[in-house]
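>>> Starting from these lines, generate the structure:
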Amino acid sequence: GTPEAYATQRTVVLESWNSIRNAVAAPKPDLWVTYHAYYKSPDLLGPRAKQAWNVPYVIVEPSYAPRRAVGPWAAEIADMQAALHAADRLLVVKRKDWQPLADLLGSDRRLAWFPPFLDPSPYREAAENRPSAQQALHQRLAQQPTGPILFCCAMMRGGTKRRSYDFLLTALGHILDLDWHLVVAGDGAERNSIERDAASLRGRVTFLGEVPPDELPALYAASDLFVWPGLSEAFGMVYLEAAAAGCPAAAVRGAGVSDVIQDGKTGVLSKPGSVEAYADALRLLLTHRSQRQALGRQAQDHVLAHHDIGGAVRRLDALASLVGAAS
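Okay, here's the model as predicted:
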């Protein structure tokens, strides 16, 4: 997390390289894959593995920040550049990362688009049983809601997550004249504080705490609108989960979130930095049921077309050509 810590960790990793190489050398790997290398966590092992075994080398979700090349992170950036130049294929997850990588390498020939993905099956199944999902959710609530159900699913920790919770609760305070009920799935160190802040919403929020993953599809399906501002989110898998269940999302426009929500087609993206704009987006969707439902159908179709696990499998299968070329 700091340049000083990295210097220490770098020494440890390089001193450990020989033992790492011996541990995985039998049999020799066919492919070396590194996940999510960026300036605070450059890949020191990938280039060495490629050289040691003459195997293809792939980085999934690489990121390059040229503005960090001068300053306290210069050493990390140098290591990151070495890894990016050595890699045979870079699977780019976020659109904002594409051009900086292409500029560094001189072309986008080694780049491949690899959008975030999920298995939509449990979410589609839950959507097909929406009435029973709604009934089960209503039984968990202290009072029966008469208006649309808003659903939020996010960890309750400090930093950007807490800022998104604050943003959401403030926006909801602007639409207390409408009939709605918010259901929140999530837990963490900030939970007590967030629950205290939500008291201003007059008992219109139910906190479920931590919810097992297999129970989430039914909660998405039972809800009318997924609400999570997603401030500074990388992209937000929750938006894809909601979409797979046919639940449209309202978020704040950002580089990552815009990769998974198509504004006006699969959800609504409001102007960054404006609580009022987000509240207006919620008001629009809460008062136009047919628009919510249309967005939900389109969101479900979009996930199947662009973020399905089958598409990810086909993209990974394409890496077989790298292995074949190296063998």
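
>>> How about the residue nearest to the spatial centre of the chain, nearest residue that isn't a chain neighbour?
Among the residues of the chain, Gly236 comes closest to the average C-alpha position under C-alpha atoms, centre = their mean, at 2.7 Å. Closest residue to Gly236 apart from its sequence neighbours, by C-beta to C-beta, 6 or more residues apart in numbering: Gly230 at 4.9 Å. In this view, the C-beta of every residue, glycine as well, is placed from N, C-alpha and C.

>>> Report the contact partners of that neighbour.
By C-beta atoms under 8 Å, 6 or more residues apart in numbering, the contact list for Gly230 reads 164, 236, 239, 251-252, 254, 256-257.

>>> can you tell me which of these are in helices?
164, 239 (DSSP state H).

>>> and which of the contacts of Gly230 is nearest Asp43?
Asp43 has its nearest neighbour among the contacts of Gly230 in Gly256, at 21.2 Å by C-beta to C-beta.

>>> ok, the closest one to Glu190 distance?
Note on Gly256: its distance to Glu190, by C-beta to C-beta, to the nearest Å, is 22 Å.

>>> Could you dump the contacts of Gly230 into CSV with distance to Ser19 and pLDDT added?
Shown next, in CSV, are those (distance: C-beta to C-beta, whole Å; pLDDT from 0 to 100):
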residue, distance to Ser19, pLDDT
Ser164, 42, 98
Gly236, 38, 88
Tyr239, 41, 97
Ala251, 45, 98
Val252, 46, 98
Gly254, 42, 92
Gly256, 37, 88
Val257, 41, 95
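
>>> Make TSV from the contacts of Gly230 and add distance to Trp32 to it.
Below are the contacts of Gly230 laid out as TSV (distance: C-beta to C-beta, whole Å):
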residue	distance to Trp32
Ser164	36
Gly236	29
Tyr239	31
Ala251	36
Val252	37
Gly254	32
Gly256	27
Val257	31
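
>>> for the residue found closest to Ser63 once you drop the neighbours it is linked to in the chain, what are its contacts?
Leaving aside its sequence neighbours, Ser63 sits nearest to Tyr38 (C-beta to C-beta, 6+ apart; 3.9 Å). With contacts defined as C-beta under 8 Å, 6+ apart, Tyr38 is in contact with 62-65, 80.

>>> Could you do Leu150 as well?
Contacts for Leu150 (C-beta under 8 Å, 6+ apart) come out as 172, 180-183, 223-227, 282.

>>> Now intersect those with the strands, please.
Within these, residues falling in strands by DSSP state E are 181-183, 225-227.

>>> for those residues, which one is nearest Leu304?
Nearest to Leu304 among those: Phe226, at 17.4 Å, using C-beta to C-beta.

>>> The closest one reaches Ala250, doesn't it?
Yes: counting by C-beta atoms under 8 Å, Phe226 does reach Ala250; the two are 7.2 Å apart.

>>> Mutual contacts of the two, please.
Joint contacts of Phe226 and Ala250 (C-beta under 8 Å, 6+ apart) are Gly267.

>>> what number of residues lie near Asp263?
14 (other C-beta atoms under 10 Å).

>>> Give the closest residue to it in space, chain neighbours not counted.
Asp263's closest residue in space is Leu269 (C-beta to C-beta, 6+ apart), at 4.2 Å.
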